[in-house]
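>>> Sequence first, then the predicted structure:
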Amino acid sequence: MTTKLQKPPVLVVIQLSGGLDFLNTLIPYQSGVIRDARPHVMVPMEDALPLDDELAWHPAAKALKELYDAGHVAVVQGVGWENSSRSHFRAMDIWHTCEPDKIANEGWLAKVTREFDPDSENPLTAVSFGLALPRALAASGVNVTSIGDLDQFGLMTEVEAEEERAKNLDSFKRMYTPGIGTGMVQDYLAETGRSVLKGADMLVDAPSQYSSEVEYAPNLIAQALRDVARVHTAGLGTRIFYTTHAGYDHHANETAMLPRLLTELTEAISDFLQDLRNHNASEEVTILVFSEFGRRIKDNGSGTDHGSGGGAYIIGDGVEGGLYGEYPSIEQKDWLYGEDMRHTIDFRSVYSTVLDQWMGVDPSAIVGGTFEQINPYKAKVTAGVAR
Amino acid sequence: MADDRIELMAHLMRRVGVGATRDELEELVERPYEEVVEEFLHPGALGDPDQDILDRYLPTSTNPEAPTACATRWMHNLAGGRRPLREKMALFWHQVFATGYGKSSHARASAAQIELFRENGLGDMRQILLDLSRDPAMIDWLDNSENHAHAINENYGRELLELFSLGVGNYSEDDIKEVARAFTGWTFTQPLAIFPYSISDPVFKFDEADHDSEQKTFLGQTVVDGADVIEVIVKQEACARFIGRHLYNFFVADEPPVPSWNEEPPRDQAAVDALAATFLESDGDIREVMRTLLNSDFFKAARFQRVKSPVEFVGGVIKLVGAPRFPEFSVARLSRATKLMGQDLMNPPSVEGWHTGQGWINSGTLTQRVNFAVEQVMDTSKPGIAAIVERVAAAGDATPEELLDRCLDLCGPLDVSAQTRATLVERAEEGGPLSFGNGASEEAEGRIGRMVQLIVATPEYQFA
């Protein structure tokens, strides 16, 4: 089945940094093996929110459970890759570049951005919220807008006198004009300077035009998703949004840390989706949530160490909710290296699915090969959308 | 208006360090250029109060449990220390032998590697490669601890040839295998533990039982051990050219990205030839190569031919506004600033290092650069800005154009395009002639400050 959207499809990526404990998010709560393996981090059976006879949601993921029950969440179980790395850096790098065996320079979403905007005409085609640009969005010749603070975005924001700042920006524009015979680097620099101004100009009204009845919580991920909503609803042609929720590296004190993070995250996603619906801007959006790896099956007395076989979540109104892929076997004989969950689906399958079935982009060149897809959407989005 | 000697000395200082104050420049030009170069080439002779001060004010920076501490120290030494070239050479080798902290999460091992570069960055190439091959941070980074006599791991062998010494096209796949065999058993005493269990330092260990001691053939010569391999490498003309081109890119003018070097010739073949010749004549003495470079005409003629790296940009702005005499906790923010501009020290994007030149610039990083510089210079009470105001005032009342010229002179001296100049002149003219008399000095100070803000936002200020 296929469908056409009223507006071009949009991807919102939420990166969970540190390694979300998948086993403690969607929990095999009836399993004695798991209960024995992780006595210090296991949710009490009576608190878990059952999904079926075997699996239950962590109670702090209540908002996600409600979205799941309403049919808007596809859980991809057991995501990973062969010989996955336990290094945050390498693992995240591999997710960002789709190159498990070598160090690569081009981010997968930067390549997608290039597909959408080959001549770099719209600096807002991909927008990242956060301090640094993730490598997923980095590639030479791809101009991505990176926003730390949307309300303060732009050049010379520290110059308080409005008239003077306006004059400075005008001077900046004149100084950053590609000239004749000044050289390629100078031209590139001038073009980049102009694209900063253009992006900032396009964004200048987004904060004030937006109004919403949804009250986002005062935490980083909720505010970041509110920023995504503000830019998305402004209709500036952004196709890819990226943001990060950090702190999932719970080697210690997991029972205190994880609930706070899961509550922040899942409530923020739920508010975001509601906000988009209120603005009639949810139909075209798909959300992808991922983390670099899952965590060790046995706990370490207080938390859990780096492992493999995590999960990913595809969320949106176009999603056919349910469980996808296969939950990694929790039988002790199947543990990888005697301690890890064995992945059951490659992360590039998840990327390929989203790119092919939602974004209308041929995934093979982006992810470096053909990977089996899952079918988490009600219908495949076809080309022919007004661009 | 700008003095040639000042221009040349400012250029030298931007390249051997991150720049210099006008007072420092005026002092330096009193001595012959070659003598100043010689002093920087022998950082040991300069004495070093930096370390004692760091130990006292920022003790964690010398015994780091996190890479930011090491980066903080680096930024302090570059912007406020007395041996800039030592720090610059460490940065150079960090760029060429790009090793990431994130894989081992072992800050002390990463810091120890940078210390090696700091100590011996101007030394003998074979010693540098030997140190590198024995460095636990590198061994872990490129998996040489997984390179066993019975099952080789080619990772280090390949990168040693491709990225660290010869460049693609100067060896065969068989050479890589032979080199990997020669480095079997080069490991370290204990596995690097993940933070926070990284209190002890790993130490290089030659595990004879895990070393393949048979003869190998590398580039047609018989070798046994890794040290033999390095001896062969350092004698290669390809090595001389490769290191020469790297030095040219880092100190003279921007070259295309390294992976294209096999296809694209250097922008100045004669310059790279000269550096390679010195390398071969001196048997790989980096100090000799740097002496040739810094005293050459091609170097002196290369003002503003490189896009500043984030470290150079941030360090240069701090030089301009006046580095604090003693390191404050705010220096920690400087390494964060370079990270936002795309250069996260101790965490290069890959083993290929950072993409330099034009590769430093994108919409996000340019925004960070301009905003950082403008914010820093905004406060006219900062010592460096106050000194600029004082010097402009000392020259007396000025026409708008003179105001601009004095500021450009004191911010570099910086050359600007006709387009930039016209824009800035127009802004200077808004306030009419500059006068310091009759209580007008406060207004004049404000105008000078605003002019400096515009100057650090120019395209020209992005270049070193």
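All right, it came through fine. Numbers count the residues shown, from 1 in each chain, chains lettered A, B, ... in the order given.

>>> Residue 302: how many residues sit nearby?
You didn't say which chain, so I picked chain A. 14 (other CB atoms under 10 Å in any protein chain shown). Backbone N, C-alpha and C define where each C-beta goes, glycine included.

>>> You answered for a different chain; I wanted chain B.
Neighbour count for residue B:302, taken as other CB under 10 Å: 20.

>>> distance of it from residue A:7?
Note on residue B:302: its distance to residue A:7, by CB to CB, to the nearest Å, is 51 Å.

>>> now residue B:401
In terms of CB to CB, residue B:401 sits 53 Å off from residue A:7.

>>> Repeat that for residue A:213.
From residue A:213 to residue A:7 the distance is 22 Å (CB to CB).

>>> Looking at the two, which is more packed in?
The neighbour count for residue A:213 versus residue A:7, taken as other CB under 10 Å, is higher for residue A:7 (15 against 7).

>>> what sits against the residue nearest to that one when sequence neighbours are not counted?
Nearest non-adjacent residue to residue A:7, counting by CB to CB, 6 or more residues apart in numbering or on different chains: residue A:284, 4.4 Å away. By CB atoms under 8 Å, 6 or more residues apart in numbering or on different chains, the contact list for residue A:284 reads A:5-10.

>>> let's go with 7 Å and repeat that
By CB atoms under 7 Å, 6 or more residues apart in numbering or on different chains, the contact set of residue A:284 is A:5, A:7-10.

>>> Out of those, which sit inside strands?
Of these, the ones assigned to strands by DSSP state E are residue A:10.

>>> so which of the contacts of residue A:284 comes closest to chain B?
Distance to chain B across these (CB to the nearest CB) is lowest for residue A:10, with 19.9 Å.

>>> what stretches of chain A score poorly on pLDDT?
A:103, A:131-132, A:180-181, A:383-387 (pLDDT under 70).

>>> Check it for the residue nearest chain B and tell me.
Counting by CB to the nearest CB, chain A gets nearest to chain B through residue A:89 (2.6 Å).

>>> Hmm, residue B:103 and that residue touching each other?
Yes. Counting by CB atoms under 7 Å, residue A:89 does reach residue B:103; the two are 5.5 Å apart.

>>> Settle it for me: which of those two has more neighbours?
residue B:103 (22 against 16).

>>> what's the single longest helix in chain A?
Assignment by DSSP state H gives helix A:254-278 as the longest helix of chain A.

>>> which residues touch it?
Counting by CB under 7 Å, 6+ apart, A:21, A:24-25, A:41, A:58, A:60-64, A:66-67, A:212-214, A:216-217, A:219, A:221-222, A:225, A:228-229, A:245, A:247-248, A:250, A:282, A:285, A:287, A:302-304, A:315 sit against helix A:254-278.

>>> same deal with stretch B:439-450?
B:380, B:385, B:388-389, B:392-393, B:403, B:407, B:431, B:434-436.

>>> 6 Å instead, please
B:380, B:389, B:392, B:431, B:434, B:436 (CB atoms under 6 Å, 6 or more residues apart in numbering or on different chains).

>>> what's near enough to touch the fourth one?
Residues in contact with residue B:431, defined by CB under 6 Å, 6+ apart, are residue B:447.

>>> tell me the domain boundaries of chain A?
A:2-150+A:215-381, A:154-204 (automatic domain parsing).

>>> Does chain B have contacts with the last one?
Pointing back at domain A:154-204 there. Yes. Applying CB under 6 Å from any CB of the partner chain, one finds domain A:154-204 touching chain B at A:155-156, A:158, A:171-172, A:174-176, A:179, A:185, A:188-189, A:192, A:195-196.

>>> Please list only the buried members of those residues.
A:155-156, A:171-172, A:175-176, A:185, A:188-189, A:192, A:195-196 (16 or more other CB atoms under 10 Å in any protein chain shown).

>>> if we can go back for a sec, check the contacts of residue A:284 for burial and list the buried ones.
Buried among those by 16+ other CB under 10 Å: A:5, A:8-10.

>>> With distance to residue B:165 as added columns, please give those residues in a markdown table.
Putting the buried ones among the contacts of residue A:284 into a markdown table (distance: CB to CB, whole Å) gives the following:
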| residue | distance to residue B:165 |
| --- | --- |
| A:5 | 53 |
| A:8 | 49 |
| A:9 | 48 |
| A:10 | 47 |
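
>>> Not counting its neighbours along the chain, what's nearest whatever residue of the stretch 51-200 of chain B ends up closest to chain A?
Going by CB to the nearest CB, chain A is nearest to residue B:102 of the stretch 51-200 of chain B, at 2.6 Å. In this structure, residue B:102 finds its nearest non-sequential neighbour in residue A:89, 2.6 Å apart by CB to CB, 6+ apart.

>>> which element follows the strand or helix carrying the one you found toward the C-terminus?
Assigned by DSSP states H and E, residue A:89 belongs to helix A:88-97. Later in the chain than helix A:88-97, the nearest helix or strand by DSSP H and E is helix A:108-116.
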